[in-house]
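K.L.:
one predicted model, sequence on top.
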Amino acid sequence: MKYLTEMILSISLIGVVAGCSDNQADKAKHAAAQAFMDCDFNGAITQANSAIELADGEIAHTVSGWLIIAKSQEALGNRNDAIRAYHQMVEYAPAIDDIKAAKQRGNLFVQKLSSAYPDKISACPQIAAE
C-alpha cells in the first residue's frame, strides 16, 4: 500500500507540472503551481486551499495542495505555517512518515519544476535559493 500511494503521489506531482486534467481540483492545483512558479506565494496558497477543498479528501490532490502551501509558506518566511502544512501532508499520505519526508517531497517538487521550467524558476529568487 505504501508503494502504491508513493506512486500515486509521484504521478500527481508530475500532473501539477503538466496541468493535464479537467476536474476542478486539478484546475485549482495547477493554478496553485502556476502561482508558485510566478512567485505569487499568497496566490499559490489561496489556490492550493481551493484544491484541497475541492479534492474532497482525495489523497493526491490534498497532499499536493498542502505541499504547495508548505513551500509557499517557506518562501514567505513563515516557518511555523510551513511546518503545519508539512504536518498535514503526513496526516493525509500514508507514504509520508514524518515532517522530514514531507520536506523531502517538497524539495523534489521544486527540483521537478526547476527541471521542467528552468527559466521561470531561476527568475524567482525565493524558489531558486532552495
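P.N.:
Nice, I can see it.
K.L.:
pLDDT below threshold where in the protein?
P.N.:
1-22, 128-130 (pLDDT under 70).
K.L.:
all helices for it, in order.
P.N.:
For the chain, applying DSSP state H gives helices covering 2-18, 24-37, 41-55, 59-76, 79-92, 99-116, 118-122, 125-128.
K.L.:
tell me which of those sits most buried.
P.N.:
Highest mean neighbour count among the helices of the chain (mean count of other C-beta atoms under 10 Å): helix 59-76, with a mean of 25. Every residue, glycine included, has its C-beta placed from N, CA and C.
K.L.:
send the alpha carbons of it over as PDB?
P.N.:
The C-alpha coordinates for helix 59-76 follow below in PDB (Å, rounded to 0.1, in the frame of the first residue of the first chain):
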ATOM      1  CA  ILE A  59      -5.200  11.900  -1.300                       C
ATOM      2  CA  ALA A  60      -3.200  13.100  -4.300                       C
ATOM      3  CA  HIS A  61      -4.900  16.400  -4.600                       C
ATOM      4  CA  THR A  62      -5.000  17.100  -0.900                       C
ATOM      5  CA  VAL A  63      -1.300  16.200  -0.400                       C
ATOM      6  CA  SER A  64      -0.300  18.300  -3.400                       C
ATOM      7  CA  GLY A  65      -2.200  21.200  -2.100                       C
ATOM      8  CA  TRP A  66      -0.500  21.000   1.300                       C
ATOM      9  CA  LEU A  67       2.900  20.700  -0.400                       C
ATOM     10  CA  ILE A  68       2.300  23.900  -2.400                       C
ATOM     11  CA  ILE A  69       1.200  25.600   0.800                       C
ATOM     12  CA  ALA A  70       4.200  24.400   2.700                       C
ATOM     13  CA  LYS A  71       6.700  25.500   0.000                       C
ATOM     14  CA  SER A  72       4.900  28.900  -0.400                       C
ATOM     15  CA  GLN A  73       5.000  29.500   3.300                       C
ATOM     16  CA  GLU A  74       8.700  28.700   3.400                       C
ATOM     17  CA  ALA A  75       9.300  31.100   0.500                       C
ATOM     18  CA  LEU A  76       7.400  33.800   2.500                       C
END
